[in-house]
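Asker: Turn this into a structure:
(2 chains)
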Amino acid sequence: MKKEMSAAAKKKRLQHLLIHAGLILVSAAFVYPLLRIFSVSLRPGDKLFSMDLSIIPAGATLISYSKLLKDTMFLHWLWNSLLITLATSFIGVSLASTAAYSFSRFRFPGKKAGMILLLSSQMIPAGMLILPLFLMIMKLKLMNTYLGMIIAYSVSSLPFSIWILKGYYDTIPRSLEEAALVDGTSQVGAFWRIILPLSTPALSIAFLFNFTTAWNEYLVARVVLFSAKQYTWTLGLFELQGQFITQWGMFAAGSMLVTIPVLCVFLYSSKWLISGLTLGSVKG
Amino acid sequence: MATVQFKHIVKKFGDNLVLNGVDVDIKDHEFVVIVGPSGCGKTTLLRMLAGLEEVTDGEIFIDNLLVNELHPSKREIAMVFQDYALYPHMTVEENMNFALRLRKMPKAEIGARVTEAANILQLNKFLKRMPKQLSGGQRQRVAIGRAIVRKPKVFLFDEPLSNLDAKLREEMRVEIAKLYQRLNATIIYVTHDQVEAMTLAGRIVIMNHGIVQQVGSPIEVYRKPCNLFVAGFIGSPTMNFLTGRLSSADGVSVFSNESVTLPIPAFVLPQKEALEGREVVLGVRPDDVLVEHPGGEKLSCKMDGVLEVCELLGHRENLYLKVSGQRLLATVEAFFNRSPGSAVSLCFNYQNMHVFDKATGQRISE
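Answerer: Predicted coordinates for the structure are as follows:
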């Protein structure tokens, strides 16, 4: 018996070991490029290639960071990106949360077709949407504006957000809203006071999706924005790439700095990503 | 408190007719239980009164006010849901005072009402807890508390005990009965459990297939079921039914089928109803099947049967009998002390005999 148990324990330990080894390998694959970029950002001069494998290179300096912040419009580009991204995320989540509520709770003609249409719009490659978006924004006379970017980003991430939120709303018992209606709220009040507070995990995911999509987007920005003053950081960083020389140090420093806002949003959102919010509401 | 009237209520979901002309008048301070099998339309009727379902046709009045188009929040009703429907992100206290906060009631008044309800329902200890930290019975008490603090015109209960275990259900049934005595409110209570209906109701509305079958006090519907459905639905164990024909012999109505031949006294079936050859169903409750106990009192006009199975329930015993091919259930005092296969003598208590027309299912006996 004792022998059997120890064999089972050994097997379990081996399983744990293999799982952890796998996880460490995957983590390393993700972290390594980041460390290399960090290393490049600290190198004196614009040396991209080096035989030195240490993370902190010999003669490490913050000169690239300093030059990036002082000699370029990087902070301005970062601000542009932040403005567009936050506006996109809030507008996108607001529109998606109300649209998803309608899809989840009300019966109306074209409901099923609408959901399929939203899903199928996600199958179209992003590149194919560039031309229609360009034409739409041009006709709206919103070229080279923040608003043009916000509209383009909001609409393109709506379908996914609606699907995520609709799926979540479907799991919230209807009797909660009905109880709220009987208690004295309107339909909008029931949505605001009951459904939204219970949907924070799904809302957080939708917000993060909107945020990261808009923050890292390059193609649409390239088409819509054409003056350096309006650039987002993705366009701005490419300004550092010349025909004959690329300022790799500054490029890497910029790449490191743009991860900070995303990291902050992720860390802040994680507290909303809690499961089991509806526990205890109805008979389980 | 208030009166409630359902006038010729019709409800359709697409082509599916769920309620077909329901007419019920509920008096002020009355405890009415709507009972029926699953899918009979009882919950739909309650939800229509609450404003959670649209009325296809007909009118609903609360305190003589037509409420068909009135939003649920304006109807001055409170509802206790089958699955509790507590707001999971609010504490017990917040759940209970939610409706009062919406009405912007003064804080002192809100506090007083919540404390009063918590005292009644013994929830004082749990006011700061979240719903997930409570047991099923406590959650249901919170749901009831949420209704009480509102002081509504009408309380609606939608199968509030169906999710609780048998012991807790019994306890909560008593709690609800006490609550009614204390609040003296108009209560409409939906259940499929006839024990709840019989024990709680001032009046019972029995429904089947979207139609009201009978409205009456518990004892009325038990003693004088108006049709075969009510006779079979109310009472546990269910009534024995014997199908046969009526005939008359020497001025007395006689019921007969392949198994039994029984004279029917005139006080059960007036002569005018005893049409020659009419097909009828005779109904006898298990309590009214009298079985001759060994060494006990001798019965008159007895039938001979065979005991098939005994079920001891504690102070009572169910006897499954066979009388010439006809199966009957008798409920007698424990302990009958006869083994299965034994011959037994039995007769019916004619005082409580029911006769129904087989074709229409309607009661024809007195």
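
Asker: all helices for the stretch 101-250 of chain A, in order.
Answerer: For the stretch 101-250 of chain A, helices defined by DSSP state H, counting those that start in this stretch occupy the ranges A:111-121, A:130-139, A:146-170, A:174-183, A:187-190, A:196-198, A:200-216, A:219-224, A:233-239, A:248-270.

Asker: Also the stretch 51-200 of chain B?
Answerer: So, for the stretch 51-200 of chain B - with DSSP H, counting those that start in this stretch - the helices run B:92-102, B:107-121, B:136-148, B:166-183, B:194-200.

Asker: Please name whichever of the helices of the stretch 101-250 of chain A is nearest to chain B.
Answerer: helix A:174-183 (3.9 Å; Cβ to the nearest Cβ). Backbone N, C-alpha and C define where each C-beta goes, glycine included.

Asker: got a list of what residue B:96 touches?
Answerer: B:114, B:117, B:118, B:123, B:127, B:142, B:145, B:146, B:149 (Cβ atoms under 8 Å, 6 or more residues apart in numbering or on different chains).

Asker: do residue B:267 as well
Answerer: Counting by Cβ under 8 Å, 6+ apart, residue B:267 makes contact with B:350, B:366.

Asker: Near residue 126, how many other residues are there?
Answerer: Looking at chain A here, since you left the chain open. 12 (other Cβ atoms under 10 Å in any protein chain shown).

Asker: that answer is for a different chain, and I need it for chain B
Answerer: 22.

Asker: for the one 3 residues further on, same thing?
Answerer: If you count neighbours by other Cβ under 10 Å, residue B:129 ends up with 16.

Asker: Does it touch residue B:94 like I think?
Answerer: No. Counting by Cβ atoms under 8 Å, residue B:129 stays clear of residue B:94, with 10.8 Å between them.

Asker: Give me the nearest residue to residue A:40, chain neighbours excluded.
Answerer: Spatial nearest neighbour of residue A:40, excluding adjacent residues (Cβ to Cβ, 6 or more residues apart in numbering or on different chains): residue A:252 at 3.9 Å.

Asker: ok, so what distance separates the residue in chain B that chain A sits nearest to from residue B:82?
Answerer: Going by Cβ to the nearest Cβ, chain A is nearest to residue B:132 of chain B, at 3.0 Å. To residue B:82, residue B:132 is 18 Å away according to Cβ to Cβ, to the nearest Å.

Asker: Comparing the two, which residue is more hemmed in?
Answerer: residue B:82 (20 against 15).

Asker: Please give me every residue in contact with the residue nearest to the more buried one when sequence neighbours are not counted.
Answerer: Leaving aside its sequence neighbours, residue B:82 sits nearest to residue B:159 (Cβ to Cβ, 6+ apart; 4.3 Å). Neighbouring residues of residue B:159 by Cβ under 8 Å, 6+ apart: B:43, B:82, B:190, B:191, B:192.

Asker: Any chance of JSON lines for these, columns pLDDT?
Answerer: Listed next are the contacts of residue B:159 as JSON lines, based on pLDDT from 0 to 100:
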{"residue": "B:43", "pLDDT": "94"}
{"residue": "B:82", "pLDDT": "90"}
{"residue": "B:190", "pLDDT": "96"}
{"residue": "B:191", "pLDDT": "94"}
{"residue": "B:192", "pLDDT": "91"}
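
Asker: Tell me which of these fall in strands.
Answerer: Within these, residues falling in strands by DSSP state E are B:190, B:191.

Asker: Chain neighbours aside, what residue packs nearest to residue B:27?
Answerer: Closest to residue B:27 by Cβ to Cβ, 6+ apart is residue B:3, at 5.9 Å.

Asker: Name the nearest residue to residue A:197, sequence neighbours excluded.
Answerer: Using Cβ to Cβ, 6+ apart and skipping the chain neighbours, the partner closest in space to residue A:197 is residue B:89 (4.9 Å).

Asker: quick one: pLDDT of the one you found?
Answerer: As predicted, residue B:89 sits at a pLDDT of 93.

Asker: Next, count neighbours for it.
Answerer: For residue B:89, using other Cβ under 10 Å, the count is 19.

Asker: Can you pull the phi and psi angles for it?
Answerer: When read as degrees, to the nearest 10, the backbone of residue B:89 gives phi -90, psi 10.

Asker: now residue B:22, nearest residue through space, not along the chain?
Answerer: Take residue B:22 and drop its neighbours on the chain: the residue closest to it by Cβ to Cβ, 6+ apart is residue B:9, 4.2 Å away.

Asker: how close does that neighbour get to residue B:17?
Answerer: To residue B:17, residue B:9 is 12 Å away according to Cβ to Cβ.

Asker: which of those two has more neighbours?
Answerer: When residue B:9 and residue B:17 are compared for neighbours, residue B:9 comes out ahead with 27 against 15, by other Cβ under 10 Å.

Asker: Work out for me the element the more buried one sits within.
Answerer: Per DSSP states H and E, residue B:9 falls inside strand B:4-13.

Asker: Okay, now the sheet partners of that strand, with direction.
Answerer: Sheet pairing here is set by DSSP bridges, and for strand B:4-13 it gives strand B:16-26 (antiparallel), strand B:57-62 (antiparallel).

Asker: and that strand, what's its mean pLDDT?
Answerer: 95.

Asker: if we can go back for a sec, could I get the helices of the stretch 101-250 of chain A in CSV, plus columns for mean neighbour count, distance to residue A:35 and mean pLDDT?
Answerer: Compiled in CSV, the helices of the stretch 101-250 of chain A are given as follows (neighbours: other Cβ atoms under 10 Å in any protein chain shown; distance: least, Cβ to Cβ, whole Å; pLDDT from 0 to 100):
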stretch, mean neighbour count, distance to residue A:35, mean pLDDT
helix A:111-121, 13, 38, 92
helix A:130-139, 14, 34, 92
helix A:146-170, 21, 30, 93
helix A:174-183, 24, 48, 95
helix A:187-190, 16, 50, 94
helix A:196-198, 17, 40, 93
helix A:200-216, 21, 20, 92
helix A:219-224, 19, 28, 92
helix A:233-239, 20, 19, 89
helix A:248-270, 17, 10, 89
